[in-house]
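Asker: Sharing a sequence plus its predicted fold:
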Amino acid sequence: MKKGINLIPSRQEFWFIPLGGTGEIGMNLNLYGHNGQWIIVDCGITFEDRPDDNGIMQSRIEMPLIDFASEQRDNILGIIATHAHEDHIGALPYLWEHLGCPIYTTPFTRNVLRAKFARNNCSAPILDVVEGGTLDLGPFNLTFIPMTHSTPETQGLIIQTPVGKVFHTADWKLDADPVVGAHVTPQQYQTMTDIDAVVCDSTNALNPMSADSEIDVASALLTAVSDASRRVIVACFASNIARLQTLGSIARQTNRHIGLLGFSLNNMRRCAQDAGYLQTDFNPVDRQHLGYLPPEEVLAIATGSQGEPGAALHRLSTDSHPDVNLQAGDQVIFSAKTIPGNEQGVEQLINRFERMGVTVFQADTSNLTLHASGHGGEPELTNMYEWIAPSAVIPVHGEPEHLIANANIAAAAGVEKQLVGRNGDLYDLVNLTIRPNAVPVGRMTLDAYGQLMPS
Ligand SMILES: [Zn+2]
Ligand SMILES: [Zn+2]
């Protein structure tokens, strides 16, 4: 019998099955099953460098193989999108037609998804949920829990069935002043009771330090921009709406005009403003005007902090941007961490800027707090486990070493069971055990015509 077929949870069972993101970074896709029915939490992509037919390395998108989920499509009640990052929603335009159920999410993520679907001719229905609200999908009672992260409206989930209750954290950190979004207090976690398992983000489990606060980034960026005598370009992730708000406020305080260089920044600005964010101190000038303004009056935000070819920062570094030509004395600030694997591209970018006489400040090397991670380190994980006191932890969202580190932190914080597995394992949430390799897993990518094919 083919693996995974006829695997149906009974009314005494409650299962968690990750198809992506557990044992790897990126392409998160999680199934929860009870009494013959399922919900899916997130449906993301990852980027991988692979050689093309000519042996040249190309970055391409990959996403989880969903044979098991698509076999169950008649019994899938909904897909929950926890937040607007590509590793959580990026595969929906390609995989939704094989799943065919409504997508539930908050307004900002809905706007990002709608724009994405419009570009990909996807007609998936998206239904709004309220931050902190509840939703009943068949036997699943869901409570949306506001989490602090590097994009707005990130939602954790309490998923309750008659036989068990889990807290799925999604991506999170603790931040006393996140600049944009809900101020999450410890009480939110301290009042959670009877949680059988916390299914928890492991990204920064190897980091012994807490994540920096977004408000510290704001003061560091203000210092850097105040000290600059000419143009300042700040490179950051477009979905970090708090960072955009910070830069808008800094522009006002330093008598500069804000400008946006890059498609995704303009897209995210629209999605954010339509959801009620960036309402004050954020009125970018047309990018065509940026080049004509006095250099000391320009603060531009640019895409391409990872050295991506063709992105705004890359074009600025090769003096091929249609609107802005940087000159000696201008300044570029990387308000983003270099993602492992992108070091070479970023280094080339910096070398080109320095040859132009442009001063470069990098979050990776600066003494200033020019970037804050969206994921909590060991102190936050410890706090969470002590506050919630679950029976078990299920580390997800990380490579095996991150999962193990997260499990060890939970054990030290008094969590009795640590269930460390990987994609395709069946986690029994009633008995708190793992059945390894229960369903098929793998990866898919897109061919030259945009059709899905095995990776
Ligand atoms: Zn995220
Ligand atoms: Zn993520």
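Answerer: Looks like it arrived, so ask away. Numbering: from 1, shown residues only. Ligands and ions are numbered 1, 2, ... in the order given.

Asker: how about the residues of the stretch 101-250 of the chain near ligand 1?
Answerer: Proximity of the stretch 101-250 of the chain to ligand 1, by Cβ under 5 Å from the ion, involves residues Asp171. C-betas here are computed from N, CA, C, even on glycine.

Asker: for ligand 2, what are the nearby residues on the stretch 101-250 of the chain?
Answerer: Applying Cβ under 5 Å from the ion, we find that the stretch 101-250 of the chain lies next to ligand 2 at Asp171.

Asker: tell me the contacts of whichever residue of the stretch 101-250 of the chain sits closest to ligand 1?
Answerer: Relative to ligand 1, the nearest point of the stretch 101-250 of the chain is Asp171 (3.6 Å; Cβ to the ion). Neighbouring residues of Asp171 by Cβ atoms under 8 Å, 6 or more residues apart in numbering: 82-83, 85, 88, 147, 149-150, 154, 201, 203, 374-375, 397.

Asker: Pretty sure it sits in a helix.
Answerer: No: counting by DSSP: H, G, I helix; E, B strand; the rest coil, Asp171 is not found in a helix; it is coil.

Asker: Skipping its backbone neighbours, what lies nearest Ala328 in space?
Answerer: Gly357 (2.9 Å; Cβ to Cβ, 6 or more residues apart in numbering).

Asker: and the residue lying closest to Met209 once chain neighbours are set aside, what does it touch?
Answerer: Of all residues not flanking Met209 in the chain, Gly377 sits nearest, at 5.1 Å (Cβ to Cβ, 6+ apart). Neighbour list for Gly377: 204-205, 207-211 [criterion: Cβ under 8 Å, 6+ apart].

Asker: Can you tell me which of those has the most neighbours?
Answerer: Ala205 (27 neighbours; other Cβ atoms under 10 Å).

Asker: Isn't that one up against Ile409?
Answerer: Yes: counting by Cβ atoms under 8 Å, Ile409 is a contact partner of Ala205 at 6.1 Å.

Asker: can you tell me the residue of the stretch 301-450 of the chain closest to ligand 2?
Answerer: His397 (5.7 Å).

Asker: Show me the domain layout of this structure.
Answerer: Domain segmentation of the chain under automatic domain parsing yields 14-209+375-454, 214-362.

Asker: Output those domains as TSV; include the columns mean pLDDT and distance to Ile8.
Answerer: Listed next are these as TSV, based on pLDDT from 0 to 100; distance: least, Cβ to Cβ, whole Å:
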stretch	mean pLDDT	distance to Ile8
domain 14-209+375-454	96	5
domain 214-362	97	37
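
Asker: gap between the two ends of stretch 50-59?
Answerer: With Cα to Cα, to the nearest Å applied, stretch 50-59 spans 6 Å between its terminal residues.

Asker: Counting neighbours, what do you get for the residue nearest to Ala328?
Answerer: Gly357: 11 neighbours (other Cβ under 10 Å).

Asker: can you check His321 too?
Answerer: Neighbours of His321 (other Cβ under 10 Å): 20.

Asker: quick one: contacts for it?
Answerer: 261, 312, 315.

Asker: Switch those over to a markdown table; also include distance to ligand 1, secondary structure and neighbour count.
Answerer: Below are these laid out as a markdown table (distance: Cβ to the ion, whole Å; DSSP: H, G, I helix; E, B strand; the rest coil; neighbours: other Cβ atoms under 10 Å):
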| residue | distance to ligand 1 | secondary structure | neighbour count |
| --- | --- | --- | --- |
| Leu261 | 23 | strand | 25 |
| Ala312 | 22 | helix | 26 |
| Arg315 | 27 | helix | 19 |
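
Asker: Out of these, the closest to Met444 would be?
Answerer: Set against Met444, the nearest of these by Cβ to Cβ is Ala312 (30.2 Å).

Asker: rewinding a little: distance to ligand 2 for the contacts of His321 - can I get that in CSV?
Answerer: Converted to CSV, the contacts of His321 look like this (distance: Cβ to the ion, whole Å):
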residue, distance to ligand 2
Leu261, 25
Ala312, 24
Arg315, 28
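
Asker: Show me the helices in the stretch 351-455 of the chain, by range?
Answerer: 378-388, 400-412 (DSSP state H, counting those that start in this stretch).

Asker: For those helices, give me TSV that also has distance to ligand 1 and mean neighbour count.
Answerer: What follows is those, written out as TSV (distance: least, Cβ to the ion, whole Å; neighbours: other Cβ atoms under 10 Å):
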stretch	distance to ligand 1	mean neighbour count
helix 378-388	15	20
helix 400-412	14	20
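
Asker: Where does the stretch 251-400 of the chain get nearest to ligand 1, residue-wise?
Answerer: For the stretch 251-400 of the chain, Cβ to the ion, closest residue to ligand 1: Gly374, 5.8 Å.

Asker: I'd guessed that residue sits against Met147; true?
Answerer: No: between Gly374 and Met147 there is no contact under Cβ under 8 Å: 9.7 Å.

Asker: overlap in contacts of the two?
Answerer: Joint contacts of Gly374 and Met147 (Cβ under 8 Å, 6+ apart) are 171-172.

Asker: Pairing partners for the helix or strand hosting Trp38, with directions?
Answerer: Taking DSSP states H and E as the definition, Trp38 sits inside strand 37-43. If you go by DSSP bridges, strand 37-43 pairs up with strand 29-34 (antiparallel), strand 76-80 (parallel).

Asker: Tell me which of the helices of the stretch 351-455 of the chain sits nearest to Thr46.
Answerer: Using Cβ to Cβ, the nearest of these to Thr46 is helix 400-412, at 14.8 Å.

Asker: roughly how far out does the closest one sit from the chain middle?
Answerer: Helix 400-412 sits 21 Å away from the centroid of its parent chain (Cα atoms, centre = their mean, to the nearest Å).

Asker: all helices for the stretch 1-150 of the chain, in order.
Answerer: Under DSSP H, counting those that start in this stretch, the stretch 1-150 of the chain gives helices at 67-71, 86-89, 92-99, 107-120.

Asker: All set now, cheers.
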